[in-house]
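Colleague: what shape does this take:
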Amino acid sequence: MPQPDFDSLYQSYYKKVLKLCLGYTGDYAQAQDLTQETFVKVWQNLAKFKGESLLSTWLYRIAVNTCLNHLRTVRKHPTDTLEMQHNEQAQDEPNDTEQQISLLYTCIHQLAELDRLIITLVLDDTSYGEIAQVVGISEGNLRVKIHRIKQQLTSIFQRHGQL
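Modeller: Coordinates of the predicted model:
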C-alpha cells in the first residue's frame, strides 16, 4: 500500500479536525492545541496505517482519542480560573457571527461525548457511512441518533436564548 502524503493529509483535514476538537472543548485555543497534537500523532504513526479503514476514519479516531484523553486530564486537574478569564476576554470582543458560532459550540459542548463527535462530523459534511464507521454503529442507528441529537441541541440552544 502506498504511503499517504502527510502534507496533503494535513491540508485536507486540518479544518475538519479543528472543528471536531472545538466541538469537544468549546475553546478555540485548546482546540488548536489538540489539533496540533493529533497531527503529531498522525505524523508519528502514519507508517503504521494499514489501510483497513478510510484514512479519514483513522485520522478522526486519533482526534477523538486525543480529545477524550485531554478531557480526562482536565477533569482530574480543573482550570476554572483560566476558563473564566478566557470567557470574560471573549465577551469583550462582540461580533454577531462569532458570538453565534461560539454559542453553537457552547451548546455542542453540553452534549454527551459521542453525540458531540457525531454532530461535529455532520457539520463537517462527513458522509453518514464514514461517521457510522468512526463511531462503530450502523447507518440506520446513526440517522436516529442524529435526529435525537438535533432535538437535544435545539432544546439547549433555546435555553441559552432565554438567558
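Colleague: may I see the buried residues of stretch 58-68?
Modeller: 58-64, 66-67 (16 or more other C-beta atoms under 10 Å). Every C-beta, even on glycine, is put in place using the N, C-alpha and C of the backbone.
Colleague: do the same with stretch 67-76
Modeller: Neighbour-count burial for stretch 67-76 flags 67, 70 (criterion: 16+ other C-beta under 10 Å).
Colleague: where's that stretch relative to the chain centroid, distance-wise?
Modeller: In terms of C-alpha atoms, centre = their mean, to the nearest Å, the centre of stretch 67-76 is set 14 Å apart from its chain centre.
Colleague: do the same with stretch 142-153
Modeller: Its chain's C-alpha centre and that of stretch 142-153 lie 16 Å apart, by C-alpha atoms, centre = their mean.
Colleague: list the buried residues for it?
Modeller: Going by neighbour count (16+ other C-beta under 10 Å), the buried part of stretch 142-153 is 142, 145-146, 149, 152-153.
Colleague: now tabulate those residues in JSON lines and tack on secondary structure, pLDDT and distance to Leu18.
Modeller: Shown next, in JSON lines, are the buried residues of stretch 142-153 (DSSP: H, G, I helix; E, B strand; the rest coil; pLDDT from 0 to 100; distance: C-beta to C-beta, whole Å):
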{"residue": "Leu142", "secondary structure": "helix", "pLDDT": "94", "distance to Leu18": "23"}
{"residue": "Lys145", "secondary structure": "helix", "pLDDT": "95", "distance to Leu18": "23"}
{"residue": "Ile146", "secondary structure": "helix", "pLDDT": "95", "distance to Leu18": "21"}
{"residue": "Ile149", "secondary structure": "helix", "pLDDT": "94", "distance to Leu18": "20"}
{"residue": "Gln152", "secondary structure": "helix", "pLDDT": "94", "distance to Leu18": "24"}
{"residue": "Leu153", "secondary structure": "helix", "pLDDT": "90", "distance to Leu18": "20"}
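Colleague: show me what counts as buried in stretch 7-15.
Modeller: Using 16+ other C-beta under 10 Å as the test for burial, stretch 7-15 gives 9, 13.
Colleague: export that stretch as PDB, just CAs?
Modeller: Written as PDB, here are the backbone C-alpha positions of stretch 7-15 (Å, rounded to 0.1, in the frame of the first residue of the first chain):
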ATOM      1  CA  ASP A   7       1.300  17.400   3.800                       C
ATOM      2  CA  SER A   8      -1.800  16.700   1.700                       C
ATOM      3  CA  LEU A   9      -3.400  14.900   4.600                       C
ATOM      4  CA  TYR A  10      -2.700  18.000   6.800                       C
ATOM      5  CA  GLN A  11      -4.100  20.400   4.200                       C
ATOM      6  CA  SER A  12      -7.200  18.300   3.600                       C
ATOM      7  CA  TYR A  13      -8.200  17.600   7.200                       C
ATOM      8  CA  TYR A  14      -6.800  20.400   9.400                       C
ATOM      9  CA  LYS A  15     -10.000  22.400   9.400                       C
END
